[in-house]
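Asks: Predicted model and sequence below, questions to follow.
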There are 2 protein chains.
Amino acid sequence: MITHLPLCSIPNPKKVLVIGGGDGGVLREVSRHSSVEKIDICEIDKMVVDVSIQFFPKVAVGYDDPRVTLHIGDGVAFLKDVPEGTYDAVIVDSSDPVGPAQELFEKPFFQSVAKALRPGGVVCTQAESIWLHMHIIEDIVANCRQVFKGSVNYAWTSVPTYPSGVIGFMLCSTEGPAVDFKHPVNPIDADYSHVSTKGPLRFYNSEIHSAAFCLPSFAKRVIESKAN
Amino acid sequence: MITHLPLCSIPNPKKVLVIGGGDGGVLREVSRHSSVEKIDICEIDKMVVDVSIQFFPKVAVGYDDPRVTLHIGDGVAFLKDVPEGTYDAVIVDSSDPVGPAQELFEKPFFQSVAKALRPGGVVCTQAESIWLHMHIIEDIVANCRQVFKGSVNYAWTSVPTYPSGVIGFMLCSTEGPAVDFKHPVNPIDADYSHVSTKGPLRFYNSEIHSAAFCLPSFAKRVIESKAN
């Protein structure tokens, strides 16, 4: 979801940056998109990469794609050196906002992401659980609304192994060509070029994509109150 | 969800039967619907009712509604005495299909429910987790397709306290006026008559209603394979 929600929302994504996601799972999903030409990944912890390659080959298979370049380092620092307008999409597959991942939920980081994106480019960041973290989500939404001048949305999905069984995402776009995240323009359902090597998609489809933006009333009230 | 998914899918529900649901939570939600004139509940275990009234007053508040008649007994037996075509909606708020609730997932029970419903009446039954119980769900869907000659659908929602964080529902209608469960015709969002006594709805809204019918691909494949 963290991959296809942004990549299916824009036509022909070509350059993608993944921050975090060292296990390779996001890479595997990005590489299903045949329009993509270049995939950079910046993971802070090399051991995550090594352990995934050794023990989780079906996840780490993402590293086999020749379009992938792995950078070991701090995503915040990495972004500072990225020329303005480089990427069509940035995917932030981070852990919770505690310790090293804290910065990835703050305004300066979002500003760096916005700068690294082309006009009308998109970002998808891990954004916690509506059942457990509404106070954090409230702050993330407020930060994003200040930084991203295109569209700012919250989506969520079911992940049974995560606390409370759900995870959320912020989906934002920069000023430029409008992005309507709720109605994917680049469906992956019909593209089977990726299926033979990675297996069919077991969860994502266009209906699930749109449904992810439908929020329970309690969450909607908080998130929409940040709209102005 | 187990209440508003069926009741918002038909115009002016008047007579509703709840099977199980002894805690009173479903009653509380049914009673938000001002068109409803009669609410029967058949709970097998009187202690569930007593404990809920004593310790969970915000849930058991459903029993305060004068439209409610409580029957203590076996839902399967109760249904046998219900005159044909009595109810607009039946809600089966059961536990898992083990022990006393086993029968509530089998074909003879669904046949009794269908008989108790008016033409174009609706049933909503608890239908397990797509993450844990696809084999059970497959059977329930097959049974329902044989019995309910209107429409047969699977919906799901997030409940963080349940195993795997989700719960599913079968939404079926009998032969008669067509019911399009995915597009609620009787939205409760705009009706605030119920808010003062029971508090506003915190989860359900019409968008969440429709989104509940969007299934992950792995579940969709199994459920739709039962379509013929």
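Replies: Great, that's in hand.

Asks: Find me the pLDDT at A:P200, would you?
Replies: In this model, A:P200 is scored at 82, pLDDT.

Asks: can you map out the strands along chain A?
Replies: Under the criterion DSSP state E, chain A carries strands at the ranges A:15-20, A:38-43, A:68-72, A:87-93, A:117-126, A:152-158, A:166-173.

Asks: Could I get the average pLDDT for the shortest one?
Replies: When you say that, I think you mean strand A:68-72. Strand A:68-72 comes out at a mean pLDDT of 98.

Asks: which parts of that strand are buried?
Replies: For strand A:68-72, the neighbour count (16 or more other C-beta atoms under 10 Å in any protein chain shown) marks A:68, A:70 as buried. Every residue, glycine included, has its C-beta placed from N, CA and C.

Asks: just how off-centre is it within its chain?
Replies: From the chain centre to the centre of strand A:68-72 is a distance of 17 Å (C-alpha atoms, centre = their mean, to the nearest Å).

Asks: Residues contacting it, please?
Replies: Residues outside strand A:68-72 that contact it (C-beta atoms under 8 Å, 6 or more residues apart in numbering or on different chains) are A:27, A:31, A:38-46, A:49, A:62-63, A:78.

Asks: go again using 6 Å as the cut-off
Replies: With contact meaning C-beta atoms under 6 Å, 6 or more residues apart in numbering or on different chains, strand A:68-72 is reached by A:27, A:39-42, A:46.

Asks: Quick one: buried ones out of these?
Replies: Counted by 16+ other C-beta under 10 Å, those give A:27, A:39-42 as buried.

Asks: can you put these in TSV and add pLDDT?
Replies: Listed next are the buried ones among the contacts of strand A:68-72 as TSV, based on pLDDT from 0 to 100:
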residue	pLDDT
A:L27	97
A:I39	98
A:D40	98
A:I41	98
A:C42	98
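
Asks: Could you check how far the residue nearest to A:K149 when sequence neighbours are not counted is from B:I44?
Replies: Distances taken as C-beta to C-beta, 6 or more residues apart in numbering or on different chains place A:E175 nearest to A:K149, at 4.0 Å, with adjacent residues excluded. Applying C-beta to C-beta, to the nearest Å, the value for A:E175 to B:I44 is 60 Å.

Asks: neighbour-wise, which of these two wins?
Replies: Just comparing A:E175 and B:I44: by other C-beta atoms under 10 Å in any protein chain shown the higher neighbour count belongs to B:I44, 19 against 13.

Asks: Spit out the contact partners of that one.
Replies: Neighbour list for B:I44: B:D74 [criterion: C-beta under 6 Å, 6+ apart].

Asks: where does it land on pLDDT?
Replies: 96.

Asks: Enumerate the residues of chain A near chain B.
Replies: Within reach of chain B by C-beta under 6 Å from any C-beta of the partner chain, chain A has these residues: A:131, A:158, A:160, A:164-166, A:201-203, A:205, A:207-208, A:211, A:214, A:216-218.

Asks: Next one, pLDDT for A:N228 please.
Replies: Per-residue pLDDT puts A:N228 at 49.

Asks: And A:G99, by the same measure?
Replies: 82.

Asks: Over to A:I188?
Replies: pLDDT at A:I188 comes out at 87.

Asks: Just list the residues touching it, thanks.
Replies: Contacts of A:I188 (C-beta under 6 Å, 6+ apart): A:4, A:8.

Asks: can you check A:L117 too?
Replies: With the criterion set at C-beta under 6 Å, 6+ apart, A:L117 makes contact with A:87, A:174.

Asks: just to revisit the earlier point, going by distance to chain B, which of the contacts of strand A:68-72 wins?
Replies: Chain B has its nearest neighbour among those in A:L27, at 20.6 Å by C-beta to the nearest C-beta.

Asks: Point to the helix or strand of chain A where mean pLDDT is at its lowest.
Replies: helix A:195-198 (a mean of 64; mean pLDDT, DSSP states H and E).

Asks: what sits against whatever residue of chain A ends up closest to chain B?
Replies: In chain A, the residue that lies nearest chain B is A:G165 (1.7 Å; C-beta to the nearest C-beta). By C-beta under 6 Å, 6+ apart, the residues touching A:G165 are B:160, B:165.

Asks: So what's the residue count around A:A219?
Replies: A:A219: 20 neighbours (other C-beta under 10 Å).

Asks: what's the closest non-adjacent residue to it?
Replies: Sequence neighbours aside, A:I130 is the residue nearest to A:A219 in space, at 4.4 Å (criterion: C-beta to C-beta, 6+ apart).

Asks: cool, A:V123 as well?
Replies: A:V123 sits nearest to A:V90 (C-beta to C-beta, 6+ apart), 4.5 Å away.

Asks: contacting residues around the one you found?
Replies: A:V90 neighbours (C-beta under 6 Å, 6+ apart): A:17, A:113, A:123.

Asks: Repeat the analysis, applying 7 Å as the threshold.
Replies: Applying C-beta atoms under 7 Å, 6 or more residues apart in numbering or on different chains, we find A:V90 in contact with A:17, A:19, A:113, A:116-117, A:123.

Asks: so which pair among those residues is furthest apart in space?
Replies: A:I19 and A:L117 (12.5 Å; C-beta to C-beta).

Asks: just to revisit the earlier point, identify the bridge partners of the residue nearest to A:V123.
Replies: With DSSP bridges as the criterion, A:V90 is bridged to A:L17, A:V123.

Asks: Thank you, goodbye.
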